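[1] I would like the atomic coordinates for the input below:
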Amino acid sequence: MDSDTKNYEIAYLISPSASEDEVFGVAGKISGYIQEAHGAIKKVEEPKKIRLAYFIKKHLDAYFGWTTFSIHPDNLAVFEKKVKEEKGIMRHLLVLHDERITHARPQPIRLKEIARAPQAPAVRPVTPTPKEEKPEMDIAALDKKLEEILGK
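    Numbering: from 1, shown residues only. You can find the predicted model right below:
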């Protein structure tokens, strides 16, 4: 492999009305276009029928496939032009592929792992402090105090 080549990934959707032979024919054409542009195929995921999140060209289903490959960036334009002209492809996306990213699914969290997860520190209950009892004043002493303050 040439040191100037870069890794790419193409994902594509094929119409659900296509026959199975046509679907695999389109996937084969994409591989052929890569080889014609002097690229090297790394991995091919054969198209599988999927349910789309929204309508594309009046279809809610499509065949989804993808291919990773390496190619010199100068030859990429030739490849992409041929893919755009391919009538069997409803949509495609060509991206620079980073090999450090894997296509593995994230592992589900198991209940044992949740049980071992760090717990929040325990909160100690607060005991209320007793209210201070104020001595009760009698009414006569209160009246006397008021007279002193008001100067009567």
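[2] helices and strands of the protein: which one bottoms out on pLDDT?
    Lowest by mean pLDDT, DSSP states H and E among the helices and strands of the chain is helix 111-116, with a mean of 56.
[3] That helix: what's the following helix or strand?
    Downstream of helix 111-116, the first helix or strand assigned by DSSP states H and E is helix 139-150.
[4] So, low pLDDT: which residues of the chain?
    Applying pLDDT under 70 to the chain picks out residues 1-3, 99-122, 135, 137, 152.
[5] quick one, longest strand in it?
    Ranked by residue count and defined by DSSP state E, the top strand of the chain is strand 40-56.
[6] for that strand, packing partners?
    Here strand 40-56 touches strand 6-14, helix 20-36, strand 59-71, going by 3 or more C-beta pairs under 8 Å, 6 or more residues apart in numbering; DSSP states H and E. For every residue, glycine as well, the C-beta is placed using N, CA and C.
[7] Kindly reformat the ones you listed as a markdown table and extend each row with distance to Asp143 and mean neighbour count.
    Shown next, in a markdown table, are these (distance: least, C-beta to C-beta, whole Å; neighbours: other C-beta atoms under 10 Å):
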| stretch | distance to Asp143 | mean neighbour count |
| --- | --- | --- |
| strand 6-14 | 93 | 19 |
| helix 20-36 | 103 | 16 |
| strand 59-71 | 90 | 19 |
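[8] sorry, back to before: quick one: the longest strand of the chain to strand 59-71, angle?
    Taking axes from the mean of the first three to the mean of the last three C-alpha atoms, to 10 degrees, strand 40-56 and strand 59-71 form an angle of 160 degrees between their directions.
[9] buried ones in strand 40-56?
    42, 44, 47 (16 or more other C-beta atoms under 10 Å).
[10] And stretch 75-93, by the same measure?
    Neighbour-count burial for stretch 75-93, with 16+ other C-beta under 10 Å as criterion, is recorded at 76, 79-80, 82-83, 88-90, 92.
[11] any chance of the helices and strands packed on strand 40-56 in TSV, with distance to Pro125 too?
    Formatted as TSV, the helices and strands packed on strand 40-56 follow (distance: least, C-beta to C-beta, whole Å):
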stretch	distance to Pro125
strand 6-14	58
helix 20-36	67
strand 59-71	57
